[in-house]
Structures are given as C-alpha cells and as structure tokens.
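Asks: Predicted structure and sequence below. I'll ask about it afterward.
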Amino acid sequence: MATDYDNQLIESVDVRRKRLTTALLFGINPHQRRWMDIGAKLMLSVAFAAGIAAVCVGYSFVSNLLHQQAEQQKQQQQQQRVQPSSQAPLPDTYTGTYALSSSTSSVLSPIIPSIASTGA
C-alpha cells in the first residue's frame, strides 16, 4: 500500500512539473498559444511578401531607368551624326553635278579628254 501512495505521489509531481514547464515555455492557454503562433507566422509571411514585392519594384524601376538612359544616348548620338551635315548646308544652286570653270577644265583636260571637248 505504501508503495502505491509513493508511486502516485511521484507521478503527480512529474505531471505537475511537466505542466509548469509547458506553461512557462508556451503560456497557460494552449489554444491561445496556437493562435499566437498562427498570427506570428501570418505576420512574418506578409512581411516576407512585402520584401519580395519591394525588390521586384526596385529592380523594375532601375532597369526602366537604365533603358531610358540608353535610349536617350542613342537619340543624342543620332542627332550628333545628323548635325554635321545640317551645319554645312549645300548651296541653293546645287543640282548634283559639278560646274567646271574654264581654269578647272584646262587643268583637267589632260586627265579627262571629254572635258576639253565640252568646253565648260
């Protein structure tokens, strides 16, 4: 009989110790602990998703900015290529053929015999 009482006392002390340890670590109400865990996981998930979204938006912004700068540089290079020809406009009387003066035709006549016969 005495041993039964001792065993019951040891078991009850062991159970009480486990309950106190669990209450200390996780709180008194196990249902409240479950909801707190779910809420913490939810908030962590939302924060993680917001971080991923911020990285995506930042990458999109930077790539768009670099693309616009590249386009502006292309346009500036094209304008610089066009500007030298527009800075030196052709004379109004230009028809696509060169008119040779008499001094030029006399210099070129030994080289090109057809110029001497036209007599520009």
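Replies: It's in. Just so it is clear, the model here is predicted, and its values are computed rather than measured.

Asks: where along this structure do the helices fall?
Replies: 2-26, 30-87, 102-108, 113-118 (DSSP state H).

Asks: Compile those helices into a markdown table and extend it with columns for mean neighbour count and mean pLDDT.
Replies: C-beta: built from backbone N, CA, C; applies to glycine. Listed next are those as a markdown table, based on neighbours: other Cβ atoms under 10 Å; pLDDT from 0 to 100:
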| stretch | mean neighbour count | mean pLDDT |
| --- | --- | --- |
| helix 2-26 | 10 | 87 |
| helix 30-87 | 10 | 88 |
| helix 102-108 | 12 | 54 |
| helix 113-118 | 11 | 54 |
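
Asks: so how far is Glu11 from Leu24?
Replies: Distance of Leu24 to Glu11, given as Cβ to Cβ, to the nearest Å: 20 Å.

Asks: before we move on, what about Gln77?
Replies: 88 Å.

Asks: now do Leu42
Replies: Look at Leu42 and Glu11: by Cβ to Cβ, they are 39 Å apart.

Asks: and what of Gln73?
Replies: Distance from Gln73 to Glu11, by Cβ to Cβ: 82 Å.

Asks: next one: Phe48
Replies: For Phe48 relative to Glu11 (Cβ to Cβ), the value is 45 Å.

Asks: Repeat that for His31.
Replies: 26 Å.
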